[in-house]
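A.B. asks: Here is a sequence with its predicted model. Questions after.
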Amino acid sequence: MLRVNIICVGKLKEKYLKDAVAEYSKRLGAFCKFSVIELDEEKTNSDPNEAGIEKILEAEGKRILAKTDRMDHVIAMCIEGKQMPSEKFAAYLERAAVNGDSTVDIIIGGSWGLSDDVKKRADLRLSMSEMTFPHQLARVMLCEQLYRAFSITAGTKYHK
């Protein structure tokens, strides 16, 4: 069974968001071994300069990459990434599993994004939309899209 990890910087604070992720985690259990790995955000002042942001990205990037294995299939969620409809995302995940990837790590960076090292490590850079969403909501949206992708592959009625 495919293992899917969401590796993310920051912790969910709102109960309704935690509840949504818990519900999708439960649903995803029928299709894959699913987990969410939360990493601490790098501490900073309220208005870091460019060098400070780079330092944040580098530190968070090292923690992210430490949670991936060299054999894992890595997807980096980033604004400049490729957009794809749910059906293509489902086919992409299915292809990864068929090609022998036993673990897919999907990475959501912190509020400043992802380091270049994380983006370079990624097998796919993926964007949800050109729109901007609250950082914590992105995790719920990703969980829903994972559930939708597995539902499409399984032929269930969830995706209409």
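C.D. replies: Cool, got the structure.
A.B. asks: and the longest helix seen in the chain, which residues are buried?
C.D. replies: Determined from DSSP state H, the single longest helix within the chain is helix 135-154. In terms of neighbour count (16 or more other CB atoms under 10 Å), helix 135-154 has its buried residues at 135-136, 138-153. Quick note: C-beta positions are derived from backbone N, CA and C, even for glycine.
A.B. asks: how close does residue 31 get to residue 124?
C.D. replies: Counting by CB to CB, to the nearest Å, the separation of residue 31 from residue 124 is 19 Å.
A.B. asks: Which residue ranges of the chain form strands?
C.D. replies: Counting by DSSP state E, the chain has strands at residues 3-9, 33-39, 73-82, 103-108, 124-126.
A.B. asks: Residue 20: which of the ones you listed is closest?
C.D. replies: Within these, the stretch nearest residue 20 is strand 33-39; the backing value is 11.7 Å (CB to CB).
A.B. asks: which secondary structure elements does the closest one contact?
C.D. replies: Applying 3 or more CB pairs under 8 Å, 6 or more residues apart in numbering; DSSP states H and E, we find strand 33-39 packed against strand 3-9, helix 15-28, helix 50-66.
A.B. asks: list the buried ones in that strand?
C.D. replies: So strand 33-39, judged by 16+ other CB under 10 Å, has buried residues 34, 36, 39.
A.B. asks: For that strand, which strands pair with it and how are they oriented?
C.D. replies: Its sheet considered, strand 33-39 pairs with strand 3-9 (parallel) by DSSP bridges.
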